[in-house]
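S.K.: how does the following fold in three dimensions:
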Amino acid sequence: YLVFNKDRKSIILLTQGIVISVVLYLIIDPIIRNLDSQLLLAPTGVSVSASPSSGSVVNKYVVTAEKVFSRKSEKTILKESVSSSEVSAINDLSTAGNKNTISWSAVTKATRYKIYKDVNGAYGYIGQTLDTSFEDDNLSADLSGPSGTPGRTSLVTLIKAGTRAQWISRVLFWQGAWEIFKDHWLIGSGPNSFHLLFPKYWIDVIPVINRPIHLTGVPPHAHNIFAQTASDSGLIGIGLMLAFLTIFYMRAYKIFRFSSLENRSTVFFFTIAVTIFLVHHMAEYNWPGPMFIYHFTFFLFTIDFIYRKQFDSKKINQPKRATFILPTFGIIVIFFTLISCTQYYKFHSALDIRSSSNMNLQEFKARIVSAKQSCPRCDRPYMKMGLNLLAAYRVNSEKKLLLLAKDELLEGRKLNPYSPYYMGYLGQIFTIEGDYGRALSIFKEAFKFIRTHRVPIRNMLIGLSPVERQRLDREKFTTQAK
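M.R.: Numbers count the residues shown, from 1 in each chain. Sure thing, here's the model as predicted:
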């Protein structure tokens, strides 16, 4: 484009920019590669103690260190070390009260640690911790990871596998968005609700690609701006978005076709930037990130301002009544936005963990009531209240607290039936009440989400005593026999 218009000055500046960028890349890239190649050290000083030591079962363990990186463009990046040296202890963990305590020395820069247990020669994941010790009281090992590697697929393994698996994952995410859109086709399922509904559709719908994927948790979005908008906002949302983009490109084309050369250069590069943004979002969804949304909005408004300056000034003045419609509509929108923001602030302020940690039960209840009033359709207040009551019951074993906790969790589940956490905690309550059949049924329902909520759901069972888990096992065998 610059060569065609013989804009020598811009060509020189563009060439200089390219040369400088290449030089900076050649300097910075080796440094970054060197930093990335510094492996996270494996835990040392690993030991295991049996309490009490009984039976003749040999339990073998290894521990890995993991570092979590946070970036604006990605939710989390995990880097896991190689496994530690193997340690073992003789203990029959199926006996009530028996447990093994694994401990190790802290690793510099490690965020958390993962523990794996040997099962017939293969190591399976049993849990993670922020501390330097972990208790195994007959936890079941997850062998879903690749053969020969502990637990989840490491970043190195993922890179070696190539990008094919990543694209397979995206195809499944897009299918999930399509299934959500079919069920909520008019107004969608709600803003940023994809991560809540996807696990349910992942279970109920047969994937178009029937093979395992590298999924370490619930996907935060559909990895496609159009699929995400369609599932969140339905036909209305995706229709408005496509109409908006159509108007934008029509205006950009008109400016480029009929404007001066100076405006053409600006419009050309801004339109290219917006187009690249949309192309990138065919496989990602960084819309909420400030690095994307601010620039995207700036480019759109700049094109609009140029268009209005170039063409709208030639139009005949509109009637006075029409000039008041847009400002009035804007004032109404701002008014309701301020009300929504106030309610949003009240809701999150009431649920603030830091300010509620030192409260007694009555003060905590008052905060939860305020949160429920601020957002009647939100389930988080019910979850927090239910867990608080359940924790209080474990302290003083008052039956009333257990019943109140169950009521809160049941109400919360009505508002968010797709969350497996309600199923897990209700399963704990049913187990405490002695309703093992119902507890087993709801635990089975929760464990359907094991591929997207693996660690949290397993941790729900840790809250049960060994005796309660044994009774659940007996109920399971009885049900299978029937």
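S.K.: quick one: contacts for residue 419?
M.R.: 196, 379, 383, 413 (C-beta atoms under 8 Å, 6 or more residues apart in numbering). The C-beta positions use only the backbone N, C-alpha and C, and glycine is treated the same way.
S.K.: what residues of stretch 105-112 count as buried?
M.R.: Of all the residues in stretch 105-112, those buried under the rule 16 or more other C-beta atoms under 10 Å are 107, 110-111.
S.K.: so how far does it reach from one end to the other?
M.R.: 12 Å (C-alpha to C-alpha, to the nearest Å).
S.K.: tell me how far it lies from the chain's centre.
M.R.: 24 Å (C-alpha atoms, centre = their mean, to the nearest Å).
S.K.: what's the average pLDDT for it?
M.R.: Mean pLDDT, stretch 105-112: 83.
S.K.: now do stretch 168-180
M.R.: According to the model, stretch 168-180 has a mean pLDDT of 83.
S.K.: and stretch 66-84, by the same measure?
M.R.: 64.
S.K.: go on, stretch 50-60?
M.R.: Rounded mean pLDDT across stretch 50-60 is 81.
S.K.: also stretch 394-412?
M.R.: Rounded mean pLDDT across stretch 394-412 is 89.
S.K.: off-centre distance for it?
M.R.: 29 Å.
S.K.: show me what it is in contact with.
M.R.: So stretch 394-412 is contacted by 379-383, 385-387, 389-390, 392-393, 422, 425-426, 429, 432-433 (C-beta under 8 Å, 6+ apart).
S.K.: CA atoms of stretch 434-453 as CSV?
M.R.: Extracted C-alpha coordinates of stretch 434-453, given in CSV (Å, rounded to 0.1, in the frame of the first residue of the first chain):
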residue,chain,number,x,y,z
GLY,A,434,-26.2,-41.7,57.7
ASP,A,435,-28.1,-41.5,54.3
TYR,A,436,-25.3,-43.4,52.5
GLY,A,437,-27.4,-44.4,49.5
ARG,A,438,-28.3,-40.8,48.7
ALA,A,439,-24.7,-39.7,49.5
LEU,A,440,-23.3,-42.3,47.1
SER,A,441,-25.7,-41.3,44.4
ILE,A,442,-24.8,-37.6,44.6
PHE,A,443,-21.1,-38.3,44.8
LYS,A,444,-21.4,-40.3,41.6
GLU,A,445,-23.1,-37.4,40.0
ALA,A,446,-20.3,-35.1,41.2
PHE,A,447,-17.6,-37.4,40.0
LYS,A,448,-19.0,-37.2,36.4
PHE,A,449,-17.1,-33.8,36.4
ILE,A,450,-13.8,-35.5,37.4
ARG,A,451,-12.1,-34.4,34.1
THR,A,452,-12.7,-30.7,34.6
HIS,A,453,-12.8,-30.4,38.4
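S.K.: centre of the chain to that stretch, how far?
M.R.: Distance, centroid of stretch 434-453 to centroid of chain: 22 Å (C-alpha atoms, centre = their mean).
S.K.: re earlier: adding neighbour count and secondary structure, write the contacts of residue 419 out as TSV.
M.R.: Below are the contacts of residue 419 laid out as TSV (neighbours: other C-beta atoms under 10 Å; DSSP: H, G, I helix; E, B strand; the rest coil):
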residue	neighbour count	secondary structure
196	17	helix
379	20	coil
383	22	helix
413	21	helix
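S.K.: can you give me the strands for this structure?
M.R.: Taking DSSP state E, the strands of the chain run over residues 47-51, 58-69, 77-80, 87-90, 99-103, 112-119, 122-129, 133-136.
S.K.: can I get those in a markdown table with distance to residue 336?
M.R.: A markdown table is the format used below for those (distance: least, C-beta to C-beta, whole Å):
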| stretch | distance to residue 336 |
| --- | --- |
| strand 47-51 | 60 |
| strand 58-69 | 38 |
| strand 77-80 | 39 |
| strand 87-90 | 61 |
| strand 99-103 | 55 |
| strand 112-119 | 43 |
| strand 122-129 | 44 |
| strand 133-136 | 50 |
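S.K.: and of those, who's closest to residue 325?
M.R.: strand 77-80 (48.6 Å; C-beta to C-beta).
S.K.: confidence score at residue 33?
M.R.: 56.
S.K.: and residue 224, by the same measure?
M.R.: pLDDT for residue 224: 90.
S.K.: residue 304 and residue 250 touch, don't they?
M.R.: No. Assessed by C-beta atoms under 8 Å, residue 304 is found out of contact with residue 250, at 11.8 Å.
S.K.: more neighbours: which of these two?
M.R.: Neighbour count, other C-beta atoms under 10 Å: between residue 304 and residue 250, residue 304 has more, with 15 against 11.
S.K.: which helix runs longest in this protein?
M.R.: helix 225-258 (DSSP state H).
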